[in-house]
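Engineer: just a sequence and a predicted model for now, questions to come.
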Amino acid sequence: MAYHGQKLTDSWRLAVLALIFTVFTALLVKSLHRVQVVQNAALTRDQVRQSVRRVQVPGARGRIYDRNGVCLADNRPSYCIAYYVEELRKPGKWIRTIDAVDADIDRLAGVLGLPREISRKTVERHVRQSLPMPLLAWRDVSETVVARWAEEVGSFPGVDIYVQPERFYPFDAIAAHVLGYVKRDRPKALPGQRIHFYLPEMLGRSGIEQQYNGQLTGICGGRLIRVDARGYKHAVWEGTPAVDGDDIRTTLEIRLQMALETAFDGKRGAGVVVDPRNGDVLAMTSSPGFNLNDFVPAPSVAVWERLNSDQERPMFNRALQGTYAPGSTFKPVTALAALKAGRISAEESIHCDGVFRLGTMRIRCWDTYGHNDIKIREAIEQSCNVFFCELGHRLGYDPIREMAAAMGIGRKSGIDLPYEASGLLPSDEWKRKNMSEPWRPGDTCQIAIGQSMLLTTPLQMAMLTSVLANGGRLYRPRLVADGEKGCLVRELDIPRAVMNLVRDGMHDVAVSGTGRRVRIRGTEVAAKTGTAEYNAGGERKKNTWVTAFAPFEQPTVAIAVVVEDGISGGYTVAPVVHDLLVTIFGEPPPEEGGAAGANPVEDEVFGD
């Protein structure tokens, strides 16, 4: 009986153990079903989330063209030498991998004959923060270096050529201030996506590159990288493809741009050429300039220090940001204001004895003996200071200021470039606030001849000249056209006879006056010269001007050029404008025997 009871007890225990085993097996099967079937999609997503990294990839930057389709800013392949750290990984602590990569860079530098471009600190930061991405040890290397590396490729596992686009400016320094340059930086984040890494994108930092960055920049795409638990790359998938940026066609004409820059020939200053029919900027330069390709992929320390320490400020855009007293190129504004107000007529004369006197103030005319009795048209031709000082004194400042403002002086023109200066068209309120003095009649006389507190930019003077050229219409200057007509800012209410009289005076300037060096054979030109003195550390110096338009009857170009520290507008600047006009319109050979005045550059010039 005892034996039988023991046997039943053992059977019971086995049954309980079998039941427990069955229950646990069922629970295990249920858990496995839940994990592998029910929760499979969620767990897979979680695994992907933890092991996949998103990389933002920029699109190719759009190109920039001139008005005739000549490429001014392009992209080129840049060959870089890159380390893929996952192929040089070492077991154990991170420092072992960092040491291995750093030592390999030193070894490869010796083979290639290149100095190191990245420090050990950069290597360490890359390993700890950007491990799946390529480490660019050398950027933008030459084809010779690429060939040398190809010969040693087997000795350097984990090293490869990485190709990325870089900006390229086919004309180097031509139109540097207008085009601007780019710098690589973090791209704008894609909406609604978490980005782990990014490839630096070219972003505009000045000029058209900055102004139209949003249009030139494409839409970023994406790339997926699977990493292991330590962050090393295991696989790559291409995701959403990037979209290239839009190309831009500018109003510039590279032939004129090159001619304008060549005409400066080392002179310091600026020049602007516009189409008076619609405000198109055909050429714009600031001298000295700089080579845009020195900023690709980034300026070296030596280049950056040279540009920033240069006393002539080559990176300063004088055409847009430089402010100068316009000198006698402002006299047509005074003439228009006086004629419109009826304070003088075409036949009325003012006597010039060589000096204008107002109280203790003395303003001399360039002709020390005086022009005697002189009318307004001849006063424009001869640039008579006494005439315009007396005219300004009779007229008062308000009509002059109103006319200047209507022609775009004292405010930004609205050109599609960043950092434009507004210049200065002073007022009684401005003078009281900034100089703690009231406006005086002598101030008006100084302003009437373009001196004293009046400051303009070369661009403003080009647009003012375009108003004289087209008979009274002020356009907003533009570098990227959105139509043939242009943007009309205002049309001045000036009688045709008044405008024609001032234009005739400017025509006389180019024929027989202070600006006769600008004239060219075969094309009638109108011009105005100017010379403005300024104080440079106790030394009196001159900024010299010429404004011009041509052809006289139906103008297609309006020009403003300023040369710093010149002799006079007629002597220093007129030959620059002459050479530019020859490029634009051409010049037939002189008639056999040589016509009088056929070679304007040889003429002796008096005045400003």
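Structural biologist: Alright, I've got the coordinates.

Engineer: my read is Thr240 is in a strand, agree?
Structural biologist: No - counting by DSSP: H, G, I helix; E, B strand; the rest coil, Thr240 is located in no strand; its state is coil.

Engineer: who touches Arg67 in this structure?
Structural biologist: Applying C-beta atoms under 8 Å, 6 or more residues apart in numbering, we find Arg67 in contact with 249-253, 280, 282, 481. (Glycine included, C-beta is placed from N, CA and C.)

Engineer: can you rerun that using 6 Å?
Structural biologist: By C-beta atoms under 6 Å, 6 or more residues apart in numbering, the contact list for Arg67 reads 251, 253.

Engineer: for it, pull up the helix or strand it's in.
Structural biologist: Arg67 is part of no helix or strand, with elements assigned from DSSP states H and E.

Engineer: domain ranges for this structure?
Structural biologist: 53-249, 254-290+317-589 (automatic domain parsing).

Engineer: now do the SS call for Thr572.
Structural biologist: Assignment for Thr572 (three-state DSSP): helix.

Engineer: so of the domains of the chain, which one's packed in deepest?
Structural biologist: When you average the neighbours per residue for each of the domains of the chain (mean count of other C-beta atoms under 10 Å), domain 254-290+317-589 leads with a mean of 21.

Engineer: returning to that earlier point: can you tell me which of the domains of the chain has the worst average pLDDT?
Structural biologist: Here the lowest mean pLDDT among the domains of the chain goes to domain 53-249, at a mean of 86.

Engineer: so how far is that domain from its chain's centroid?
Structural biologist: 24 Å (C-alpha atoms, centre = their mean, to the nearest Å).

Engineer: follow-up on the earlier one: can you list the domains of the chain in CSV and add distance to Leu19?
Structural biologist: Below are those laid out as CSV (distance: least, C-beta to C-beta, whole Å):
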stretch, distance to Leu19
domain 53-249, 41
domain 254-290+317-589, 82
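
Engineer: relative to Asp310, which of those domains is closest?
Structural biologist: For the domains of the chain, proximity to Asp310 was assessed by C-beta to C-beta; domain 254-290+317-589 is nearest, at 7.8 Å.

Engineer: residues of stretch 305-320 that come out buried?
Structural biologist: 307, 314-320 (16 or more other C-beta atoms under 10 Å).

Engineer: so Ala100 makes contact with Leu88?
Structural biologist: Yes - with contact defined as C-beta atoms under 6 Å, Ala100 reaches Leu88; the gap is 5.2 Å.

Engineer: with only the CA atoms kept, save stretch 90-98 in PDB.
Structural biologist: In PDB, the C-alpha atoms belonging to stretch 90-98 read as follows (Å, rounded to 0.1, in the frame of the first residue of the first chain):
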ATOM      1  CA  LYS A  90      40.000  49.600 -33.800                       C
ATOM      2  CA  PRO A  91      38.500  47.500 -31.000                       C
ATOM      3  CA  GLY A  92      38.300  49.100 -27.500                       C
ATOM      4  CA  LYS A  93      38.200  52.700 -26.700                       C
ATOM      5  CA  TRP A  94      37.600  55.500 -29.200                       C
ATOM      6  CA  ILE A  95      41.000  56.900 -28.700                       C
ATOM      7  CA  ARG A  96      42.500  53.800 -30.500                       C
ATOM      8  CA  THR A  97      40.500  54.600 -33.700                       C
ATOM      9  CA  ILE A  98      41.300  58.300 -33.400                       C
END
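
Engineer: contacts for that stretch?
Structural biologist: Residues from elsewhere that reach stretch 90-98 (C-beta under 6 Å, 6+ apart): 89, 100, 123-124, 127.

Engineer: mind redoing it with 7 Å?
Structural biologist: 85, 88-89, 100, 123-124, 127-128 (C-beta atoms under 7 Å, 6 or more residues apart in numbering).

Engineer: between these, which is nearest Leu292?
Structural biologist: Distances from Leu292 to these, taken by C-beta to C-beta, are shortest for Val123, at 31.1 Å.

Engineer: so which other helices or strands are in contact with the helix or strand harbouring that closest one?
Structural biologist: In this assignment (DSSP H and E), Val123 forms part of helix 120-129. If you count contacts as 3 or more C-beta pairs under 7 Å, 6 or more residues apart in numbering; DSSP states H and E, helix 120-129 packs onto helix 94-112.
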